[in-house]
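J.: Provide a 3D model corresponding to the input given below.
(one chain, ligands or ions: 2)
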Amino acid sequence: MLRACGAVKFRGPGNLTAPCLLCGDRQGLVCGLCRACASELPVIATACARCGIPLSRAGLVCAECQQRPPAFSRCYVPFHYRDPISARIRALKFAGDLPAARELAAWMWMRRPPRAIPQALLPVPLHRRRLLWRGFNQSLELARHLGEWARVPVLGDRCARIAYTAAQSGLDARRRRRNVRGVFHAQGLGGLVHVAIVDDVITTGSTVGELARTLRRQGVEDVEVWAVARATLRP
Ligand SMILES: [Zn+2]
Ligand SMILES: [Zn+2]
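T.: Numbering: from 1, shown residues only. Ligands and ions are numbered 1, 2, ... in the order given. I've put the predicted structure just below:
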């Protein structure tokens, strides 16, 4: 289901004929996309109610979450990590294409579920070294837009990644969990009971799971996860 973009404006009143951001040959009417491109985004139709992994039916909880319930309550991850979503995420992360963050956030926002909005958004922090190398935190860039449209604060300074870890890619689920254990430090979250972690791509959920655990230890009772896309671990 497509929901209205609400506050998301991709053009001013004098520029109603801007082209679609993806195909460029039709008018971008729905969050910058033509109706054909908007309806062809790789949406995850039915997913685990807890971790967001694609499942054959809605309303189910996957075996992994039943055996090992994650520290977060639920995930809102609308897309598969496939083109054009994956291309936009790579453009953002590896080519510094910051307008892509706004587009991805808008496409997420357009598919948001009809649920209570959290009190605040907390982007997954990067380690200082990685932040210096990249120059920006892609999760913070996504959260800034989502926070503006949801009208909730973005807590970009309450949590730090205190250990530099190897990239998660190439590791299996168990090694991923071990790789991120204890890497986050959070503070100043008093009074918050419902927070959403914002990330770009989720694979096994180990990073957001560890961050959720950190926030829960700080007294945040209900931690959910918002991410653009769900990737699958290559066997
Ligand atoms: Zn189009
Ligand atoms: Zn699950």
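
J.: near ligand 2, which residues of this structure are found?
T.: Proximity of the chain to ligand 2 (C-beta under 5 Å from the ion) is limited to residues 48, 50, 51, 62, 65. Glycine gets a C-beta too; all of them are placed from N, C-alpha and C.

J.: okay, buried residues for stretch 143-155 please.
T.: Across stretch 143-155, burial judged by 16 or more other C-beta atoms under 10 Å covers 143, 144, 145, 146, 147, 149, 150, 152, 154, 155.

J.: C-terminal to the helix or strand of the chain with the lowest mean pLDDT, what's the next element?
T.: Using mean pLDDT, DSSP states H and E, helix 173-180 stands out as the lowest-scoring helix or strand of the chain, at a mean of 79. Using DSSP states H and E, the helix or strand that follows helix 173-180 in sequence is strand 184-186.

J.: and that next one, what's buried?
T.: 184, 186.

J.: what packs against the helix or strand that it is followed by?
T.: Going down the chain from strand 184-186, the next helix or strand is strand 194-202, by DSSP H and E. Under the contact definition 3 or more C-beta pairs under 8 Å, 6 or more residues apart in numbering; DSSP states H and E, strand 194-202 sits against helix 85-95, strand 120-123, helix 138-150, helix 206-217, strand 222-230.

J.: what strands flank the last one, and is each parallel or antiparallel?
T.: In other words, strand 222-230. Here strand 222-230 has these sheet partners by DSSP bridges: strand 75-76 (parallel), strand 79-80 (parallel), strand 194-202 (parallel).

J.: out of the ones you listed, which is the most enclosed?
T.: Comparing the strands paired with strand 222-230 by mean neighbour count (mean count of other C-beta atoms under 10 Å), strand 194-202 ranks first with a mean of 24.

J.: compute the inter-axis angle for that strand and helix 138-150.
T.: Counting by axes from the mean of the first three to the mean of the last three C-alpha atoms, to 10 degrees, strand 194-202 points 130 degrees away from the direction of helix 138-150.
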